[in-house]
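Asker: I would like the atomic coordinates for the input below:
(chains A and B)
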Amino acid sequence: MNKGAALSTAEPKGASRWALRMHSLLIYVFFYAPIVVLVVYSFNDAQLVGDWRGFSLGWYEAFLDNDNIQESIWISVKVCVASTVISVVLGTMAALSLERFRWWGQKAFDAVLYLPIIIPDVTMAVMMLAFFNETSQLLNLIPGVDLSSGLEKLVFAHVAFNISFVSVVVRARLANLDATMEEAASDLYANRWQTFRRVTLPQIMPGIIGGALLAITLSLDDVVVSSFVASVGGTPISVYVFGLARKGVTPLINAVSVVMLSASMLLILASLGFQRATQFAREEK
Amino acid sequence: MNDSSSAVELKNVVKKFDEVTAVDDLDLTIGDGEFFSLLGPSGCGKTTTLRMIAGLELPTAGSVSIHGEEMGLKPPNKRPVNTVFQNYALFPHMTVAGNVEFGLQMQKVPKEKRSELIDWAISLVEMDGLSHRKPTQLSGGQQQRVALARALVNRPEVLLLDEPLGALDLKLRQQMQIELKNLQREVGITFVYVTHDQEEAVTMSDRIGVMHEGKLLQIGTPEDIYERPTTRFVADFIGRSNFLDATVASENEVVLSNGDRLQLQSDHETGESVAITVRPERLKIHKKGESSTDQHQLDGIVETVGYLGNAIVYSVSIDWMHLEVRSSETSNSRYSTGDEVTVSFDPRYVSVVSG
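Answerer: Numbers count the residues shown, from 1 in each chain, chains lettered A, B, ... in the order given. The predicted structure is shown next:
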């Protein structure tokens, strides 16, 4: 019946057993009922979400016809990919510098690095807005950067808070990594880069992937900071949906959400499949 | 020992961590092909010394050279030495073969040559058939062997070992001591071995350097160190010893605190208070008044008797102190508590150390 996992000798009996089952059931309902409702009502043939008028794919048609929504999704995806890549690289570097080196100002940097985790989103948003007002001309001097489109602003803002989260996750992994392993690599004729590439990186990879997933989620989820810094015509989907909802919640929002939900489910399934495949390949070897 | 045959040479090496001096003006020459042990209690600077040879630490002052070549600021990857770390530091994401191959890959050894060397190293440490395992699937002793193979496969000029047997249980440790010694003879590489276990050092080494508080107190063969310690610390740290307070009377005479005069050579100054040290097994025990060939005799009373199977340890109280006597006579002429006895010793087995 049970495979692998050790069975507790104190298996609940009678009432407590039922209580436990009900507890699990309630939790599942709590988690998944809203999603089920969301999906079901996305097929609602009505103007209002709560009012079931029969099955229809009309809202999906409306979604496909709506260029603004599709463009917002693209903006979100672009900002998400760019900010995740940048913050993973910078966050990992920050984690490495804090864990593996000693330098002047390190303690101050360490404290400041985690500020974006602590301070409220609204404060962060106002900060970013003020920052861009003051420095947009300077930042525009960087080749390839044009803040007026808004896309770069979003990327900058998302990187600003994502670095902290990535470096926390990567650092936790690094702290558990035995530093003598790196000494052993250099003793075995590896230079610094080879040591990082062949010994450190493979072992902190789970932390980096975890940090990247967190960054993706935070970037896609963010409404507050994004709504402050986004320019007209450059709103990410989260901000767009928030705006839609203010005009009245139509099943269009449901349809958009279902599309996004399906996309993320597909991504998760793909990554699970990829993990399985590499694991099998390794065991075959 | 001349330069051409020295594998490692340390000159006036000092290492300070902030204000703490870990290694204090150390001079040491280790011969080519030698099994040399650095022995001392924890915190004596032996591991720091080893790490400075490896390049994992840089000396605050002084020079380190390997086969006559000054190492200076060279990083570990540019030095012809390899290290076996105390906790092995195996790469957990690589197989046994991957771990052993790592150093060869970094040195850009061609592929065919690599697999040849890997096979050689893995069979050298008797790990054949386990090369596809991950380190986590191995026992402590097996991990130890992989760490050895990973270092030896590079045929380093000097192999540095930092308490490599520390994590193993006693039986395995003793077995590995013999294997390590045989291995060293087989490959002919200079071994520098750091340990706090005096028995381990004595069993394996050609020569031992005893360290204490950052200083090298004595260098010599295990026999030198054991039979002719030059300091009280060395005599006390290695094996068991009796210390009898004495005063230097002249170049070749010391006076014990009971007035007995002993003909002993020492380079201590006249009038200096010293101690003479004698090993428990070098003391002989007789019935009081029984004649002995030994020149030096002290009368006393047996206080305790400890039976060890292959020996008996007596604690004999003489006028001003207790002496530990270890006798291999376990059946005949056995003494019991309260017996009046005479303890005698041969001055050849006695050393004079600073009090």
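
Asker: Give the rounded mean pLDDT of stretch B:243-260.
Answerer: Stretch B:243-260 carries an average pLDDT of 86.

Asker: Okay, buried residues for that stretch please.
Answerer: By neighbour count on 16 or more other C-beta atoms under 10 Å in any protein chain shown, the buried set for stretch B:243-260 is B:243-244, B:246-248, B:253-254, B:256. (Glycine included, C-beta is placed from N, CA and C.)

Asker: Contacts for it next, please.
Answerer: Stretch B:243-260 is touched from outside by B:232, B:235-236, B:261-266, B:268-278, B:296, B:298, B:318-321, B:352-353, B:355, with contacts defined as C-beta atoms under 8 Å, 6 or more residues apart in numbering or on different chains.

Asker: Also stretch A:76-96?
Answerer: A:109, A:113, A:151, A:154-155, A:158-159, A:162-167, A:170-171, A:174, A:200, A:204, A:208, A:211-212, A:215-216, A:219-220, A:236-238.

Asker: quick one: average pLDDT of that stretch?
Answerer: Stretch A:76-96 comes out at a mean pLDDT of 95.

Asker: Any buried residues in that stretch, and which?
Answerer: Quick answer for stretch A:76-96 (16+ other C-beta under 10 Å): A:76, A:79-80, A:82-84, A:86-88, A:91-92, A:94-96.

Asker: how about a markdown table for those residues, with secondary structure added?
Answerer: Putting those into a markdown table (DSSP: H, G, I helix; E, B strand; the rest coil) gives the following:
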| residue | secondary structure |
| --- | --- |
| A:76 | helix |
| A:79 | helix |
| A:80 | helix |
| A:82 | helix |
| A:83 | helix |
| A:84 | helix |
| A:86 | helix |
| A:87 | helix |
| A:88 | helix |
| A:91 | helix |
| A:92 | helix |
| A:94 | helix |
| A:95 | helix |
| A:96 | helix |
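
Asker: Okay, now the unreliable bits of the stretch 151-285 of chain A?
Answerer: Low-confidence regions of the stretch 151-285 of chain A, defined by pLDDT under 70, span residues A:281-285.

Asker: Tell me where it has strands.
Answerer: Using DSSP state E, counting those that start in this stretch, the stretch 151-285 of chain A contains no strands.

Asker: Kindly report the residues of it close to chain B.
Answerer: A:178, A:180-181, A:183-191, A:194, A:198-199, A:202-203, A:285 (C-beta under 8 Å from any C-beta of the partner chain).

Asker: hang on, the earlier thing: out of the buried residues of stretch B:243-260, who's nearest chain A?
Answerer: Distance to chain A across the buried residues of stretch B:243-260 (C-beta to the nearest C-beta) is lowest for residue B:243, with 39.5 Å.

Asker: Three-state assignment for the closest one, please.
Answerer: strand.

Asker: Repeat that for residue B:277.
Answerer: strand.

Asker: Enumerate every residue touching it.
Answerer: Per C-beta under 8 Å, 6+ apart, neighbours of residue B:277: B:229, B:232, B:235, B:241-244, B:350-353.

Asker: Spatially central residue for the chain, please.
Answerer: Using chain A here. Among the residues of chain A, residue A:217 comes closest to the average C-alpha position under C-alpha atoms, centre = their mean, at 1.8 Å.

Asker: Wait, chain B was what I had in mind.
Answerer: Short answer for chain B (C-alpha atoms, centre = their mean): residue B:201, at 3.3 Å.

Asker: now that residue: how far from chain A?
Answerer: 23 Å (C-beta to the nearest C-beta, to the nearest Å).

Asker: Just to be sure, that residue is in a helix?
Answerer: Yes - looking at residue B:201 with three-state DSSP, it is inside a helix.

Asker: could you list every residue that touches it?
Answerer: Taking C-beta under 8 Å, 6+ apart as the test, what residue B:201 contacts is B:37, B:39, B:193, B:195, B:208, B:222.

Asker: let's see 6 Å
Answerer: B:37, B:39, B:195, B:208 (C-beta atoms under 6 Å, 6 or more residues apart in numbering or on different chains).

Asker: what's near enough to touch the third one?
Answerer: With contacts defined as C-beta under 6 Å, 6+ apart, the neighbours of residue B:195 are B:37, B:39, B:163, B:201.

Asker: same check, this time on the second one
Answerer: By C-beta under 6 Å, 6+ apart, the residues touching residue B:39 are B:195, B:201, B:208, B:210.

Asker: which residues pair with the third one across the strands?
Answerer: Legend: beta-bridge partners of residue B:208 under DSSP bridges are residue B:37, residue B:220.

Asker: Just give me the neighbour total for it.
Answerer: 29 (other C-beta atoms under 10 Å in any protein chain shown).

Asker: again with the last one
Answerer: A count of nearby residues for residue B:210, using other C-beta under 10 Å, gives 27.

Asker: Please verify my assumption that it contacts residue B:236.
Answerer: No - if you go by C-beta atoms under 6 Å, residue B:210 and residue B:236 don't touch, sitting 10.6 Å apart.

Asker: so who does residue B:343 touch?
Answerer: Taking C-beta under 6 Å, 6+ apart, one finds B:283, B:285, B:298, B:316, B:323 in contact with residue B:343.

Asker: List the ones among those that fall in strands.
Answerer: Judged by DSSP state E, the contacts of residue B:343 include B:285, B:298, B:316, B:323 as members of strands.

Asker: which two from these end up farthest apart in space?
Answerer: B:285 and B:298 (10.6 Å; C-beta to C-beta).

Asker: Look at the two and report which has more neighbours.
Answerer: The neighbour comparison of residue B:285 against residue B:298 (other C-beta under 10 Å) goes to residue B:285, with 24 against 20.

Asker: For that one, give its distance to chain A.
Answerer: 50 Å.

Asker: per-residue confidence for that residue?
Answerer: At residue B:285, the pLDDT value in this model is 88.

Asker: wouldn't it be in contact with residue B:339 here?
Answerer: No - Residue B:285 is beyond contact range of residue B:339, at 9.3 Å (criterion: C-beta under 6 Å).

Asker: Which residues belonging to stretch B:173-190 are considered buried?
Answerer: For stretch B:173-190, the neighbour count (16+ other C-beta under 10 Å) marks B:173, B:176-177, B:180-181, B:183-184, B:189-190 as buried.
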